[in-house]
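Participant: here is my input; please provide its structure:
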Amino acid sequence: MLGYVLCFGSGFAALVYQIVWQRLLVLFSGSDVHSASIIVAAFMTGLGCGSLAGAHVADRLTRVANLAAFAAAELAIAAFGFSSAYLYYEVLYQRLGHLAATVEIRSVALFVSLLWPTFFMGISLPLLAQALTTEIAAAATVTGRLYACNSAGAAAGAAVATWLLLPTHGIEGTLRTTAFINLVVAAAAVPLAFWLRAPAGDAVGRDRPAPVDSETVIGGRFGAWLLMYGFAGFLALSLEIVWFRLLGVILKSTAFTFGTLLSIYLAGIGAGAAAGSLVARRSRSPSRAFLIAQASIGMYVALAIAIMVALFSRAQAPSWLLEYVGRYESLDVRASITALQQYFRGSGDFPRQFLALYFALPALLVGPPTVLMGVSFALLQQVVQTDLARIGHRVGMLLTANIVGSTIGSIATGWILLARLGTSGTLKLLIAASAVFPLWGLVRQDRTHAAGANRATYAAVFAATALLVVFTPDGRSLWAHLHGAAPRYVIVGEDGSGTSVLRSAPDEQRGIVVFVNGVGQSWLPYGGIHTALGALAAFVHPAPRTAAVIGLGSGDTLFGLAGRQSLTAIRCIEIIGPQLDTLRRLHDVWSYPGLRSILRDPRIEHVYGDGRLHLMHAAPEHDIIEADALRPTSAYSGYLYSDAYFALLRARLKAGGIATSWSPTRRAHDTFVKVFPHVLSYGDVVLGSNSPIVFDAAAIRRRLSERDVQAYYRQAGIDILSLLAPYLDRGPRIFDASHDRSTLVDINTDLHPKDEFALSHGSEG
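Facilitator: A predicted model of the protein is given here:
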């Protein structure tokens, strides 16, 4: 029992590290899809190297030595965990970040930096499997349970990190807590090692008869099953990426979404492995059961997606869900948590929508397939474990093959499939690819049972899988219905970086609403807060020449800024690749002058990529830098409201330059004021500079009244003087270098982005 608890704890720590390290590493490499895929691939590569080493080491050690090696691995992970915030943030990002100007350099740095801890994570399961398995008949049960416990621990780690540790303790506190868990796991391995010091069978291979051909297993050769399980890993990771994109859009992703979905995904695998460990020994044909289970994953995915879209298209889904997917705003997660707490205290309503969105819906879509993935692992152990002296080797090699497949899936799906085929096309390909499993069953002609019956089963599963591909909806229909609209009312753009959907409807008060990854970002025609955000700094600055805007959205903020005619060069950095293309396609069917101006203005350069990373490698060349209005609770948005980000803006401004930010919370406002020595605060908009900012309302009105400026905004239907009048009439609150900032302690930092987790001002948890 203690061995399973250790496996749970090891898995718990590993997933906390994965979530936290990914947050840290995107600062160095960027948060675009290419960087995210490289981080996942680097993490998986380290796990694969560890599993491969475990495959070669575990069977050569005694049971006690395997436990000692496991404890040493946990200590190595703990040592890295305690120092990882310093290594990844202060060294890799702050000191060496300027060196990583190319994808190649960033990739090498990520692989090298993750190799140590992930290697020791990967070696753990083969060591435990060999240490705890005492008879070959129990091999599938023991390894299945270990895998189940490890996956369950990982699921718990993802949930606890997302909902408790990161919001309460920040990155540094979370890493210290997790490293301490590694120490506890290592210490707990000591009494287990003493318990395993049995008088007989301690040396591996002693009195254990080996089969005549050690590579022959049930239903074929071990190498063939390695290939099959590697392909299963490819499909599993590819489906994970697609599921997370679909659910991210439906849920209107926040900082809590990814960790929650990952927890549900891993919980399904853990539950499946636990169930598989009970049924594997009873299976009459575990090889056939494995192949059919893998094929069933594709069939379930096809059915689930088709049924979900059909319900949305016929308005047969729950009315609140139909309303939510078409809504501009995302769910207030923090308010839902508060409501849940109040409900259990005996007051308030039960937050059904929150639990349905964040737990029930993902469980319905992701749960059954991941359970089948877990069952498959236990079934495959029953297939391949035929020699007690090779337990560790085969566990390690299977995990290595699966991890290699997962790594390839991460890169192929994130970089190629989604970019070329979109979510719908990628789904169709993955569903069709799952037919490889019954096809292989047909080709190899399993003779362990009645060949005719097996062929009929495989043929039926193959035909059903191929047929279900036809029912997968096309991309436009899929995304239209998941945005609460009919296909004729949307323009859809998608690649590996995300989705851009422009939605109109006969009763749409805002005209065209712009959704990015399911969340409403802005709208057309222009003339609201985004225009004001873009224009304010442009006309406060006495003579700006160059400017940068982080985020395109509808183009409204960029449009507001470009109204200043003295600007000669404007760079717009957008992280969602298809955003610009969807706006161009909109212009083809609706010649809105405001949109036309940002698409044809020769001063504007459109750049794809992570805005913060772009500034990290840029020279101090801008008179104005501003970010489009971004929700503070969106995933990774904390990195555009942190003190380090605002300090980066300061460093990239020319002398007398102005940085602008939306300040949606008091904490975001205070963070900005703490960093910039000179600030003009309008409440929801703040302007900062290294030099005093002259606010001359009369001069600003004269600039706004110039004929070219008036014509520019009037073509888009905007009275710019009226729009900015509230800012000019009341004037800003001025913070100069002499202002006491010592009381501004509750701020956002890179290592504790409190607003991203919707913590109330002054709250530590």
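Participant: quick check: longest strand of this protein.
Facilitator: In the chain, taking DSSP state E as the definition, the longest strand is strand 653-662.
Participant: in that strand, what's buried?
Facilitator: Neighbour-count burial for strand 653-662, counted by 16 or more other CB atoms under 10 Å, picks out Leu653, Lys654, Gly656, Gly657, Ile658, Ala659, Thr660, Ser661, Trp662. Heads up, the C-betas are built off the backbone N, CA and C, glycines and all.
Participant: helix or strand right after it?
Facilitator: helix 666-675 (DSSP states H and E).
Participant: isn't Leu380 up against Leu399?
Facilitator: No. If you go by CB atoms under 8 Å, Leu380 and Leu399 don't touch, sitting 10.8 Å apart.
Participant: between those two, who's got more neighbours?
Facilitator: With neighbours defined as other CB atoms under 10 Å, Leu380 and Leu399 compare such that Leu380 has more, 32 against 26.
Participant: before we move on, which element is the more buried one in?
Facilitator: With DSSP H and E as the test, Leu380 turns up in helix 361-384.
Participant: list the buried residues in the following helix or strand past that helix.
Facilitator: Sequence order places helix 391-411 as the next helix or strand after helix 361-384, per DSSP H and E. Residues of helix 391-411 classed as buried by neighbour count (16+ other CB under 10 Å): 391-411.
Participant: same for helix 391-411, what does it pack against?
Facilitator: If you count contacts as 3 or more CB pairs under 8 Å, 6 or more residues apart in numbering; DSSP states H and E, helix 391-411 packs onto helix 33-57, helix 103-132, helix 139-160, helix 222-251, helix 361-384.
Participant: just tell me which of those helices ends up closest to Leu96.
Facilitator: Nearest to Leu96 among these is helix 103-132 (7.5 Å), distances taken as CB to CB.
Participant: didn't Leu125 look like it was pressed against Leu6?
Facilitator: No. With contacts counted by CB under 8 Å, Leu125 stays clear of Leu6, the gap being 10.9 Å.
Participant: for Phe695, which three-state class applies?
Facilitator: Three-state assignment for Phe695 (DSSP: H, G, I helix; E, B strand; the rest coil): coil.
Participant: can you show me the helices along the stretch 551-700 of the chain?
Facilitator: Secondary structure of the stretch 551-700 of the chain (DSSP state H, counting those that start in this stretch): helices located at 556-562, 579-589, 593-600, 611-616, 643-652, 666-675, 697-704.
Participant: winner for burial among those helices?
Facilitator: Comparing the helices of the stretch 551-700 of the chain by mean neighbour count (mean count of other CB atoms under 10 Å), helix 556-562 ranks first with a mean of 28.
Participant: elements contacting that one?
Facilitator: Checking 3+ CB pairs under 8 Å, 6+ apart, helix 556-562 ends up next to strand 519-524, helix 529-540, strand 546-550, strand 569-574, helix 593-600, strand 622-627.
Participant: hmm, try it at 6 Å
Facilitator: Packing partners of helix 556-562 (3 or more CB pairs under 6 Å, 6 or more residues apart in numbering; DSSP states H and E): helix 529-540, strand 546-550, helix 593-600.
Participant: okay, the angle between the shortest one and strand 569-574?
Facilitator: Which is strand 546-550. Orientation note: strand 546-550 sits at an angle of 10 degrees relative to strand 569-574 (axes from the mean of the first three to the mean of the last three CA atoms, to 10 degrees).
Participant: average pLDDT for strand 546-550, rounded please.
Facilitator: For strand 546-550, the mean pLDDT works out to 97.
Participant: got the contact list for it?
Facilitator: Strand 546-550 is contacted by residues 557-558, 561, 567, 569-573, 611, 621-627 when judged by CB atoms under 6 Å, 6 or more residues apart in numbering.
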